[in-house]
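Novice: No letters, just coordinates:
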């Protein structure tokens, strides 16, 4: 599959570009990215002429993203803040597009309604939200949410992969936001995970030189292989969602989220 799309890096950029297209990002679009990662999406949005504010609570990500924007020559259109999204004030709003890639998995199920309420408060009228998230079937998500697994302990403490129904229910709890389009590409992730695991092991001598031991190697081999199997079996999937405000949509009462 990777061969069909060129290199892995090219395929990843196509994935980013599709999400930017979905959110309508173009010249002059005011973009908020929640959970900036290593900055590639912010740079590609800025290269379209968008004005980007990216927020992350990870100092390493913020520094790397700023450097990447500088090297790409788009620093004047990219602002990267070391900031929790919950610290964004409503008067910071009016964003034409809000993008968040695989960040909701780290939010925690009880906080999903508050997460979407925050996004709605920051979105301009007629704005669009591009959300990318790993997903699982709703019944499995419900069961998983009350367990403490190896993944919770060693890989994603406090995290939970949502279901499509879980996202839709959270949107309905106190917001007028609704999913209006979605695209699944789980088999692409299966291929990507296989390639990541192969490259991880090919480059293990360099990783070991950084001070990581065999326990670390076995941990990440298990995680990558487990995840690849999950996508291959259909236990896991990944979606890009287009979410917009539907003012006529009935709202459930907002819940306290702690």
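Specialist: All right, it came through fine. Keep in mind the model is a prediction, meaning the values are calculated, not measured. Numbering: from 1, shown residues only.

Novice: can you give me the helices in the chain?
Specialist: 2-5, 8-22, 40-47, 59-71, 112-122, 138-144, 150-154, 164-172, 186-202, 204-209, 214-233 (DSSP state H).

Novice: for the ones you listed, which one sits closest to residue 33?
Specialist: helix 40-47 (5.5 Å; Cβ to Cβ). In this view, the C-beta of every residue, glycine as well, is placed from N, C-alpha and C.

Novice: Would you quantify the distance from the residue lying closest to residue 49 once chain neighbours are set aside to residue 113?
Specialist: Nearest residue to residue 49, sequence neighbours excluded (Cβ to Cβ, 6 or more residues apart in numbering): residue 27, at 3.2 Å. Using Cβ to Cβ, to the nearest Å, one obtains 34 Å as the distance from residue 27 to residue 113.

Novice: cool, residue 201 as well?
Specialist: 41 Å.

Novice: Those two - which one has more neighbours?
Specialist: residue 113 (21 against 13; other Cβ atoms under 10 Å).

Novice: surely that one meets residue 170?
Specialist: Yes - contact criterion Cβ atoms under 8 Å: residue 113 and residue 170 qualify, at 4.9 Å.

Novice: so how many other residues sit close to residue 143?
Specialist: Using other Cβ under 10 Å: residue 143 sits among 11 other residues.

Novice: which regions of the stretch 101-250 of the chain sit below the pLDDT cut-off?
Specialist: Applying pLDDT under 70 to the stretch 101-250 of the chain flags no residue at all.

Novice: ok, residue 207 - contacts?
Specialist: 200, 216-217 (Cβ atoms under 8 Å, 6 or more residues apart in numbering).

Novice: wait, what's in contact with the residue nearest to residue 178 when sequence neighbours are not counted?
Specialist: Distances taken as Cβ to Cβ, 6+ apart put residue 246 closest to residue 178, at 4.6 Å, once the chain neighbours are dropped. Taking Cβ under 8 Å, 6+ apart, we find residue 246 in contact with 176-178, 180.

Novice: Now rank these by neighbours and give me the top one.
Specialist: That'd be residue 177 among these, by other Cβ under 10 Å, with 24 neighbours.

Novice: wait, isn't that one in contact with residue 119?
Specialist: Yes - checked against Cβ under 8 Å, the pair residue 177 and residue 119 is within contact range at 7.1 Å.

Novice: Between those two, which contacts overlap?
Specialist: By Cβ under 8 Å, 6+ apart, the residues touching both residue 177 and residue 119 are 129, 243.

Novice: Bridge partners for the closest residue in space to residue 85 that isn't next to it in sequence, pull those for me.
Specialist: Distance criterion Cβ to Cβ, 6+ apart; nearest residue to residue 85, sequence neighbours excluded, is residue 34 at 4.7 Å. Under DSSP bridges, the beta-bridge partners of residue 34 are residue 55.

Novice: now the residue nearest to residue 154 when sequence neighbours are not counted: how far from residue 67?
Specialist: Spatial nearest neighbour of residue 154, chain neighbours left out: residue 219 (6.1 Å); criterion: Cβ to Cβ, 6+ apart. Relative to residue 67, residue 219 is positioned 29 Å away (Cβ to Cβ).
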